[in-house]
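**Q** 3D model of this:
(chains A and B)
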Amino acid sequence: MISATLLGQSVLSGFFAGCLYALLGLGLTLTWRYLKVINLAHFAFVLIAAYLTFQLVGKNGLNPLLVAVILIPVFFLAGVAQQALIEHYKVNEFASIILTFGFAMIAEAGLQWIWSADYQKLEAHYMRGSLQVAGLFLPISDIVMSLVAISLCVMVWAAMRYTWLGKALRASLDNPGIAAAFGVPNRKLSYLVAGASGASTAIGGIFVALLSTLAPSQIFSWLGVVFAAALLGGLGSPIGILAAGILLGVSEHVTMAITAPSWAPVVPFTLLMVILLLWPERI
Amino acid sequence: MLKIENLHVGYGDATALSDVSLHLDKGELACMIGPNGAGKTTLVNAIARLLPIRSGSIAIEGRDVSRLTPQELCDYGVAIIPEGRRLFTSMTVEENLEIGCYRPAARGLKQQSLARIYEMFPVLGERRWQLAGTLSGGQQQMVAIGRALMAQPKLLLIDEPSLGLAPVIIKQVFETISAIHASGVSILLIEQNASKALAVAQRAYVLDCGSIIAQGTPQELRQRSEIDAAYFGAGN
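**A** A predicted model of the protein is given here:
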């Protein structure tokens, strides 16, 4: 039987992991639902941003906030550029998997070429240390990342529900022709979504660099669990991916504590299969 | 208000509309009647710029709009009540109405327009937070009408408003159309139900197999026995 402290610490680490899944999956779930693009290159963008942060903060000594100011617009434009390519060649939903998988492979090779396949860790003094509450450790970096992830998800949810742009986007998903007849600029909105998704990978990448060890092959290690979170949360739902991400993160970490770390990957897919079997209209 | 000359529209090799010309004066209500498959909805979609045209011209208040995008046309004050309503079904009633006033010129009048529509259709006010897809057919038609009115249209394209509705609701829909017309909006009404359409229109066109085969005032068309037999049916 495991101790209450270990269980509490596992739930906490799971919560933080879940927030990172949500941060990495927010753009993915939005482009999947609203642009019909299943963007595997999303994770490549995240890792490129992480390596750039590693370089600029770790090697060149820039402040991470300054790096965010530089990377967010650059990755916004990268997202727009990828979408322009996808629209120009009229890539459909399933072909988008192949195309963006190709981008991810190229990115992985590029990262290996520049930074080698070795594990790298950003050594910097930003967001070090932990709070200690009731015998549990809460790393500052995880707290900041989770607050950013939760705020972004809530902000996107509110924007979808309460702003002209959000409503126009939902209308254009329901019925693009009629939305256009009332003046909704479908194409501009799709570039906005692609750009916002790109910008979110910059934010995700900065946190990945600050929180974890980097290796080019990581592009594909997030894929499964973040996909599961996107599907479980309901495609296109910012609050859904946050809830599903936390559910998966906590269940993974508790499984690790009770059994062995090698069992962790079983959890998200078992949950995904069970929920799809019981509740197939979720997708 | 609206002037269409020698319009040709096709899908692939098939011709849907050939050499269609019509005009609609400011403040007029014209109807376009004709059987299923005559090309009526194609005509509406071509005017709304949802379909490309092959040749011919469409002018609104003297300005050619036949090459504009739907979004650009919207700024000319053209709104559509499409066949089968085509609401944003996963959005609420109020959100559907709000998209109606998406164009900047109409957006500032959102509160007045909403109040006007809820006064016109009190049931929509009661159900403003309900998803549009869960309403009855008649209520959905009210949302479609309301959505178009939110755009502050000068020209309203109405496509088969009576389709799939109960007779009592159809009567209400036609009363609403007359009221909108009385408020000064020019209307092109597409309708299979010829007797209903002719009762409210000032000018009428008959479309068959993609061409206009007759036009005139409702009285003139009613007197032409061959049209009467073919399109109005016995007993009307």
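
**Q** okay, and the residue positioned nearest the centre of chain B sits in which element?
**A** Against the mean C-alpha coordinate of chain B, by Cα atoms, centre = their mean, the closest residue is residue B:158 at 1.2 Å. Residue B:158 is located in strand B:155-159, with elements delineated by DSSP states H and E.

**Q** is any part of that strand close to chain A?
**A** No - using Cβ under 8 Å from any Cβ of the partner chain, strand B:155-159 stays clear of chain A, with a minimum separation of 9.1 Å. All C-beta spots, glycine's among them, are computed from the backbone N, C-alpha and C.

**Q** check which helices and strands that strand is in contact with.
**A** Judged by 3 or more Cβ pairs under 8 Å, 6 or more residues apart in numbering or on different chains; DSSP states H and E, the packing partners of strand B:155-159 are helix B:40-47, strand B:78-81, strand B:186-191.

**Q** what angle do the longest helix along chain B and strand B:186-191 make?
**A** Ordering each helix of chain B by length in residues (DSSP state H) puts helix B:167-182 first. On the basis of axes from the mean of the first three to the mean of the last three Cα atoms, to 10 degrees, helix B:167-182 is oriented at 160 degrees to strand B:186-191.

**Q** how about the residues of chain B near chain A?
**A** So far as Cβ under 8 Å from any Cβ goes, chain B lies against chain A at B:48-50, B:69-71, B:73-75, B:79-80, B:82, B:86-91, B:95-96, B:98-100, B:102-103, B:107, B:147, B:151.

**Q** hmm, try it at 6 Å
**A** B:48, B:50, B:70-71, B:74, B:80, B:86, B:88, B:90-91, B:95, B:99-100, B:102-103 (Cβ under 6 Å from any Cβ of the partner chain).

**Q** among those, which are in helices?
**A** Checked against DSSP H, the residues of chain B next to chain A include these in helices: B:70-71, B:74, B:95, B:99-100.

**Q** which of those residues ranks first by neighbour count?
**A** When neighbours are taken as other Cβ atoms under 10 Å in any protein chain shown, the top entry among these is residue B:100 (28 neighbours).

**Q** contacting residues for that residue?
**A** The contact partners of residue B:100, taken as Cβ atoms under 6 Å, 6 or more residues apart in numbering or on different chains, are A:182, B:147, B:150-151.

**Q** ok, so of those residues, who is nearest residue B:5?
**A** Among the contacts of residue B:100, residue B:151 lies closest to residue B:5 (Cβ to Cβ), at 25.6 Å.

**Q** picking up where we left off before, okay, the ones in helices among the residues of chain B next to chain A in TSV with distance to residue A:69 next?
**A** Formatted as TSV, those follow (distance: Cβ to Cβ, whole Å):
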residue	distance to residue A:69
B:70	38
B:71	33
B:74	37
B:95	35
B:99	35
B:100	39
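
**Q** using a markdown table, lay out these together with pLDDT.
**A** Output for those, formatted as a markdown table (pLDDT from 0 to 100):
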| residue | pLDDT |
| --- | --- |
| B:70 | 95 |
| B:71 | 95 |
| B:74 | 94 |
| B:95 | 97 |
| B:99 | 97 |
| B:100 | 96 |
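
**Q** picking that back up, may I have the strands that pair with the strand holding residue B:158, each with its orientation?
**A** Its sheet considered, strand B:155-159 pairs with strand B:78-81 (parallel), strand B:186-191 (parallel) by DSSP bridges.

**Q** could these go into CSV alongside mean neighbour count, mean pLDDT and distance to residue B:139?
**A** Formatted as CSV, those follow (neighbours: other Cβ atoms under 10 Å in any protein chain shown; pLDDT from 0 to 100; distance: least, Cβ to Cβ, whole Å):
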stretch, mean neighbour count, mean pLDDT, distance to residue B:139
strand B:78-81, 28, 96, 14
strand B:186-191, 25, 95, 20
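
**Q** and the ones you listed as a markdown table, adding distance to residue A:145?
**A** Output for those, formatted as a markdown table (distance: least, Cβ to Cβ, whole Å):
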| stretch | distance to residue A:145 |
| --- | --- |
| strand B:78-81 | 47 |
| strand B:186-191 | 56 |
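
**Q** any weak-confidence spans in chain A?
**A** Within chain A, the stretches with pLDDT under 70 are A:1, A:282-283.

**Q** tell me which parts of it are close to chain B?
**A** Checking chain A against chain B by Cβ under 6 Å from any Cβ, the hits are A:167, A:170-171, A:174-175, A:177-178, A:180-185.

**Q** going along the chain, name the strands of the stretch 51-200 of chain A.
**A** Taking DSSP state E, counting those that start in this stretch, the strands of the stretch 51-200 of chain A run over residues A:130-133, A:136-139.

**Q** pick the most deeply packed of those.
**A** Highest mean neighbour count among the strands of the stretch 51-200 of chain A (mean count of other Cβ atoms under 10 Å in any protein chain shown): strand A:136-139, with a mean of 16.

**Q** what pairs with that strand, parallel or antiparallel?
**A** Here, using DSSP bridges, strand A:136-139 pairs with strand A:130-133 (antiparallel).

**Q** export the partner strand to CSV, keeping only CA atoms.
**A** Extracted C-alpha coordinates of strand A:130-133, given in CSV (Å, rounded to 0.1, in the frame of the first residue of the first chain):
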residue,chain,number,x,y,z
SER,A,130,9.6,24.6,-5.0
LEU,A,131,6.9,25.5,-2.6
GLN,A,132,6.3,23.0,0.1
VAL,A,133,2.7,22.6,1.2
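
**Q** centre of the chain to that strand, how far?
**A** Distance of strand A:130-133 from its chain centroid, counting by Cα atoms, centre = their mean, to the nearest Å, is 26 Å.

**Q** I'd like the average pLDDT over the strand holding residue B:158.
**A** The pLDDT scores in strand B:155-159 average 96.

**Q** contact partners of that strand?
**A** B:1-2, B:41, B:44, B:78-83, B:148, B:185-190.
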